[in-house]
Each structure stands twice: as structure tokens, then as C-alpha cells.
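Colleague: predicted structure and sequence below. I'll ask about it afterward.
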Amino acid sequence: MRYCLIFSLIAAVQLSVACSSKSDSPPLASAGQSNGSAGTSGAVASGGSGEASAGSSGSSGSSLGGAGGRAGNAGAAGAVAGAPGHRSSVVVTSRFPAVAGTACADAPLRLSFSAPVTVGSTGKIQVFKASAPSTPVDVIDLAVTPERNTIGGRPFYRVRPIFIEGADAVIYFKNKAIAEPGAYFVNVDSGVFVDANQHPLPAITGADVWPFSTVAPAPADPTQLRVAREGENGFCTVQGAVDYVPAANMTPTTITIAKGTYHEVVYIAAKHNLTFHGEDRKTTIIAYPNNDALQMKLGTAYRAMVEAEGSNGLVFENLTLHNTTPQGGSQAEALRIEPGDKAILRDADFVSTQDTLLLTGRVFVSNSYVEGNVDFIWGKGTAYFDKSQIKTVGRAGYLVQSRNGLNYGYVFVDSTLSTSGAVTNGTLLARIEGDRFPASNVAFVNCKLGSHIAPKGWLITNSTGNPVASLDLTQLKFWEYQSTDLDGAPTDVSQRDPASRQITAREASTLRDKATVLAGWDPTL
């Protein structure tokens, strides 16, 4: 993936990942640019090497710093305060929303710089209503982490909501912080951003420096919603579009998501028949490092990046869901559907490391890519994977953990099990605690297996500590049919776990029938 994400986890862990999505606009006023006149004591504090910069139409300068520097030029609009110590030469080249521009009522902000920056360790970003300029409607304080953000009515802990994409910084305020249509302005403290030499960038301060207005969404067709991260109307976040859909919705509704990276947790609660359609499979990306550790071990209802509960008939297509939690960062689903039924995942990429997909109900997965390494396809559902790629990355692990009952579990047909390299050798097709889930069902029909799959193939354990031989595994269905290597040569299955079975052609034909596996539902009709 080409995107870069900077964040602090609970223990202030920082990491970076990369993407680019911006709309350019003319360069803004920066240090040393001036149009004003009659400036007085606009210099930085004692010892400062920077000076107060000015915007347009200035007349009678005002102090933005303390004594000790030379007088700054005048100008209210576009003023940027100098910072003490070394002044960075990096300047703001564009921003979204533009000065005095308009944006969606759920818009993230963007600052583009003349060179890459990183996030500092102190300072605040504050947004104010123009009608109440002394009281911020939201504050991002770099000294406070983690904090909670209520999404779809559920409180989630969040990482520091400033994401670096090359020379851009994308800033997310709390959900609904600027939802009320009207005029706002933003202040950014000096030191929130630092350059490659760790010199702080100047502050952006004042009601006239970065003003903008938000507008309420008013789609012409409420069943056809569009999300664009830097839109001037409509929706700028996926969650904003989800929130717009009525509670308990049954009407088929398509949410089309423009190219770009959307750094957000999405929570879909009891809203049915929603289709999430990406404009481009590889560059329409929802990316966020949500995980069990970040959510204080509150469990599956909190730790997925896209959470769908009590929602039937969902479709995710032509996009990428990437939970960017690093290896060892705890369980981190890219998508959780629990409970739910008749979900379709097609022509899409799902990326994480541990527990990438958590599926319940009936799910059809077609021509898709799933990446991870530990139980990265799991749950209680019945899922039919058709012509998909299941890739193990980073370490050896387990593809599937199926906790189904007597229904079918996870069936893979004409799919490919690939690998990132030898580091994944010894990976197992599936594992299960035989005493807890004695009817677990995982089947591979005419699939291509990479060399990383262990000869044993399967792992059955006993959570009680008693010997596995003491378990009744007569209902267990760990099945394979005509597995091959990636070149099409038959796989040697002579060392497979004795509790697994090579099924017959007739049994394989039954598993190929989608309506049979999915209990009467054929998603292709």
C-alpha cells in the first residue's frame, strides 16, 4: 500500500504507512510573504529567528510574538505566527477547505506543505464556530492519547487523529464536531508539525486565517450517496454517509466512495441493504489501526475497522479495507459482520494481520483478496469463497478458524493460497479446539496451495488439556479435494492430519453449489 499513517497507540507507539489524495490550490501566505503596511512588533519572541508573516490587505500590524525580533509586516488575513528558536523553512502550500471555502459537514482537514513533515509532541489543533470564537467545538491535544470518539452511537478509543500522507497532513475532528452548517475557523499551535530537522512550523492562528463554512448534505436521491474526502457538499467520510441512512433502513442504498484514503472506523448498526462501492479497487481505501489493545480489550464489538452489527444484505465491492495495526498489535479485523446475513464481498481487498475477516450468517466472497497470518478468516458463519486469493504474510500462522455449528462453515472453491515468502512456511489451513467446536467445517475444493502450507495441513487441539485422541471428532469436516501447487501439480497430502479427509468428486460437486452451501441462497441470482 502507498499510504503513510502516523499515529500514537496507547503506549505512544508511532508508525507510518502511505497514500496520496489531495486537491491542490494556490499557495497560501507563509513566512516572509506580505502585502500589509504599518507593521509593529510582529516579530517572534526573544531569540527567535522567524518573523510574523502577513496576509493580504493589511493595515496596521498587530503583535503575533513578543519583543526581540524585527517588526513584522501587517495583515490580518493569512497571518501565521512565528515560533521561538529555529524557524522551519517548510511552508503551507495549500489546504482543504480553502480559505473562506466550503466543505461537507463531516470533512477532515488537509494541510499540504512544501516538504514532508511529521507530527510533533505538543500543541493543539482547535476548531471554533465563528459565532463563538472563544470556545472550541473540538480540540486535538497532542498531549492527550488515547481519547474516545462516538461513532454511530458507540464510543471508540481512537489514535491521534492526524495522518501524514507524504507532504500532506490530514486532520480528523470528532464525529459530528462540525456537523452544524455554518462558519468555522481553525487554529494550529506552533510545534504541532515539525520538519525533517525537528524545527517547529509556525502557528496558524486567528479567526481570519483559516475560516471556512460547512454545508449540510442534501443528496438528490437518498438511495444514491457519494463520499469524496475533499467534497464541498454531500459527504466527506464513509461514516457520514452511513449516519445519513435512516435507522433500521431496508431500502437498497448505494454509497459510492471516491478515490482516496479514508482514515476512519466505520460502524454500521442495524442498517440493511447497503452497498459500499469504491471508485477504484486499489485507490479507494478505508484505513485505520483499530485493534483490541487500542480498545482496552473490549472485544470484537469495538476492535474492527469496519463494524457491521445486525445488518443484512451488505455489499462491499471494488475497494480496499486495510486495518493498519502492525504485527503483534493484537486482534484487528478489517471487517466484522456479526450478526448479519446475506453479505457479499466481491472484487475487493481485505488486509490486516490477525483476524482480518470475522464473518457470521451467510457470506459470499468472490474474486477478492484476503491478507493476514493468524486466524485471519474466522467466525461462526457460512462463507463461500469463489476464485479468491488468500495470502499469508509476515509469519507462519493459520488461515481459518471456523466456529460453525452443524451448518456448513468456510468453503473455498477455485481459490489460491499464496505467500509473501519462506517466512510463512509451516502455515496451516485451519485450526480448531475440537472440544468446543466439534463440528467445525473448512473445505478447499480445487484450490492452489503455496509451498508455505505445512504437510500436516490442519491443527486440532483440546482446550481442556486432555489428549486430542479423547475427543469425538466424528462431526468434524476438515476437507480437501484435488489440491495442487501453484503450478497445477497435485499436492502431496499423505501427511495430512488423520482427522481431515480427502473428499470424493460427488462431495466436491455438492460443495460447488452455492445454494447448497449457503442454505438456499444463491447470491449470483
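Modeller: In hand now; what should we look at?
Colleague: now stretch 224-232: buried residues?
Modeller: For stretch 224-232, a neighbour-count test (16 or more other C-beta atoms under 10 Å) marks 225-232 as buried. From N, CA and C alone the C-beta is placed, and that goes for glycine too.
Colleague: how far does it sit from its chain's centre?
Modeller: The gap between where stretch 224-232 is centred and where its chain is centred comes out at 17 Å by C-alpha atoms, centre = their mean, to the nearest Å.
Colleague: mind checking the end-to-end distance for it?
Modeller: 17 Å (C-alpha to C-alpha, to the nearest Å).
Colleague: give me the residues contacting that stretch.
Modeller: Contacts to stretch 224-232, defined as C-beta atoms under 8 Å, 6 or more residues apart in numbering, come from residues 21-23, 96-97, 101-104, 107-108, 110, 170, 215, 219, 234-238, 240-241, 244-245, 253-258, 260-262.
Colleague: quick check: closest non-adjacent residue to the most centrally placed residue in the chain.
Modeller: When C-alpha atoms, centre = their mean is applied to the chain, the residue found nearest the centroid is residue 287 (2.1 Å). Leaving aside its chain neighbours, residue 287 sits nearest to residue 322 (4.5 Å; criterion: C-beta to C-beta, 6 or more residues apart in numbering).
Colleague: can you check residue 179 too?
Modeller: Closest residue to residue 179 apart from its sequence neighbours, by C-beta to C-beta, 6+ apart: residue 105 at 4.8 Å.
Colleague: isn't the one you found right up against residue 177?
Modeller: No: using C-beta atoms under 8 Å, residue 105 is not in contact with residue 177, being 9.6 Å away.
Colleague: of the two, which one has the most company?
Modeller: A count of neighbours by other C-beta atoms under 10 Å puts residue 105 above the other of residue 105 and residue 177, at 22 against 17.
Colleague: and stretch 101-119, what's buried?
Modeller: By neighbour count on 16+ other C-beta under 10 Å, the buried set for stretch 101-119 is 102-113, 117, 119.
Colleague: no wait, stretch 201-218
Modeller: Of the residues in stretch 201-218, 201-206, 209-215, 217 count as buried by neighbour count, 16+ other C-beta under 10 Å.
Colleague: distance to residue 461 added to the buried residues of stretch 101-119, as CSV?
Modeller: Below are the buried residues of stretch 101-119 laid out as CSV (distance: C-beta to C-beta, whole Å):
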residue, distance to residue 461
102, 58
103, 53
104, 50
105, 51
106, 46
107, 49
108, 45
109, 49
110, 49
111, 51
112, 52
113, 52
117, 49
119, 43
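Colleague: strands - which of those residues land there?
Modeller: Mapping these onto strands (DSSP state E) picks out 102-104, 109-113, 119.
Colleague: just to revisit the earlier point, where does the residue nearest to the centre of the chain land in three-state SS?
Modeller: Here residue 287 is strand, with the state taken from DSSP: H, G, I helix; E, B strand; the rest coil.
Colleague: doesn't residue 265 make contact with it?
Modeller: No: between residue 287 and residue 265 there is no contact under C-beta under 8 Å: 10.6 Å.
Colleague: just give me the closest of the buried residues of stretch 201-218 to residue 360.
Modeller: residue 217 (31.3 Å; C-beta to C-beta).
Colleague: check contacts around the closest residue to residue 254 other than its chain neighbours.
Modeller: Residue nearest to residue 254 in three dimensions, not counting chain neighbours: residue 275, with 4.5 Å by C-beta to C-beta, 6+ apart. Residues in contact with residue 275 (C-beta under 8 Å, 6+ apart) are 252-255, 314-315, 317.
Colleague: next one, pLDDT for the residue nearest to the centre of the chain please.
Modeller: The per-residue pLDDT reported for residue 287 equals 98.
Colleague: do the same with residue 525
Modeller: So, for residue 525, pLDDT stands at 93.
Colleague: state the distance from it to residue 189.
Modeller: Remark: distance between residue 525 and residue 189 (C-beta to C-beta, to the nearest Å) = 58 Å.
Colleague: I'm done for today, thanks for sticking with me.
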